[in-house]
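Enquirer: sequence and predicted structure, then a few things I'm wondering about:
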Amino acid sequence: MAEPDRSPGVGRLLTGVAWLVLLLGLWLWGREVTDLPPGTSSPTTGDIAAVGRPPEVRLPPALRPLRAARPQRVDIPATGVQAPVVARGLDGRGAIDPPPFDQPGVVGWYAAGAEPGAAGTALMVGHVDTETRPAVFYRLSTVRPGDTVRVVRDDGTVAEFTVDDVQVLPRDHFDARQAYGVRKRGRAELRLITCGGTFDHASGTYTANVVVSAYLTGRAL
């Protein structure tokens, strides 16, 4: 039976559900994947460029993981983001439940996973846009290796991460292990994820995902 026509806004909502369904299984599996090299950047279209890690970027050493604490806010100075973080679980379909579309400035953290700053890979997701306006991760693709991401935690500490890889991964032939696996054993890592590529009105989906990888390099009070 043919599906009814959908508006772009509804298509984007369904897109969010679709990629979050994918993320849940991949993240749970990826917690056990270690020592992965940064991937090769994938080409994309539109205003998003996959940059990977330029060879001239010198990155700081990793800091030993912190004690577990829940995130309250995420700051990305390069994009001007200062966003509250809300814990998210699973929806009725078994997918990570994203922040509501009427809260486009909010970032969702998968609370059943690692806390940002603690050992493992913490997963944060945000919308790239809504039906009418840009959302919190609209400029996520402009982040570059060497940029800083700060996560304010509920124990009063700030976990400071350094971006080491930015990828735009096409939905076709998506490499889940590369996107969500732990890059180096024993580190505290962070993934920031949103939709990317171009919006396909025919299918009601975006063509790619933007995946920013970062690791813990500092701690502030």
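Expert: Yep, it's here.

Enquirer: give me the neighbour count for N209.
Expert: 22 (other CB atoms under 10 Å). C-betas here are computed from N, CA, C, even on glycine.

Enquirer: could you say what helices and strands whichever helix or strand it is part of packs with?
Expert: Assigned by DSSP states H and E, N209 belongs to strand 205-220. The helices and strands touching strand 205-220, judged by 3 or more CB pairs under 8 Å, 6 or more residues apart in numbering; DSSP states H and E, are helix 8-30, strand 148-153, strand 158-170, helix 176-180, strand 188-200.

Enquirer: I'd like the distance from it to the chain centre, please.
Expert: Relative to its parent chain, strand 205-220 has a centroid offset of 5 Å by CA atoms, centre = their mean, to the nearest Å.

Enquirer: may I have the phi/psi pair for the residue nearest to G80 when sequence neighbours are not counted?
Expert: Spatial nearest neighbour of G80, excluding adjacent residues (CB to CB, 6 or more residues apart in numbering): R139 at 7.6 Å. Here is the backbone geometry of R139 (degrees, to the nearest 10): phi -100, psi 20.

Enquirer: contacting residues for R139?
Expert: T79, G80, V81 (CB atoms under 8 Å, 6 or more residues apart in numbering).

Enquirer: contacting residues for the first one?
Expert: Listed by CB under 8 Å, 6+ apart, the contact partners of T79 are R139, L140, T142, V143.

Enquirer: could you look up the SS state of it?
Expert: coil (DSSP: H, G, I helix; E, B strand; the rest coil).

Enquirer: for V86, see how far away it is.
Expert: 19 Å (CB to CB, to the nearest Å).

Enquirer: okay, now the unreliable bits of this structure?
Expert: 1-55, 91, 93-96, 174, 176, 178-179 (pLDDT under 70).

Enquirer: try it again at 90.
Expert: Across the chain, residues meeting the criterion (pLDDT under 90) sit at 1-58, 88-102, 110, 113, 129-133, 168-183, 193-209, 221.

Enquirer: who's in contact with the spatially closest residue to Q167 that is not a sequence neighbour?
Expert: In space, and not counting its chain neighbours, Q167 is closest to V211: 4.9 Å by CB to CB, 6+ apart. If you count contacts by CB under 8 Å, 6+ apart, V211 has them with V166, Q167, V168, L169, A179, Y180, R191, L192, I193.

Enquirer: tabulate the residues you listed (JSON lines), appending neighbour count and distance to V128.
Expert: Formatted as JSON lines, the contacts of V211 follow (neighbours: other CB atoms under 10 Å; distance: CB to CB, whole Å):
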{"residue": "V166", "neighbour count": "26", "distance to V128": "14"}
{"residue": "Q167", "neighbour count": "25", "distance to V128": "15"}
{"residue": "V168", "neighbour count": "23", "distance to V128": "12"}
{"residue": "L169", "neighbour count": "23", "distance to V128": "14"}
{"residue": "A179", "neighbour count": "21", "distance to V128": "16"}
{"residue": "Y180", "neighbour count": "25", "distance to V128": "18"}
{"residue": "R191", "neighbour count": "24", "distance to V128": "15"}
{"residue": "L192", "neighbour count": "25", "distance to V128": "11"}
{"residue": "I193", "neighbour count": "25", "distance to V128": "10"}
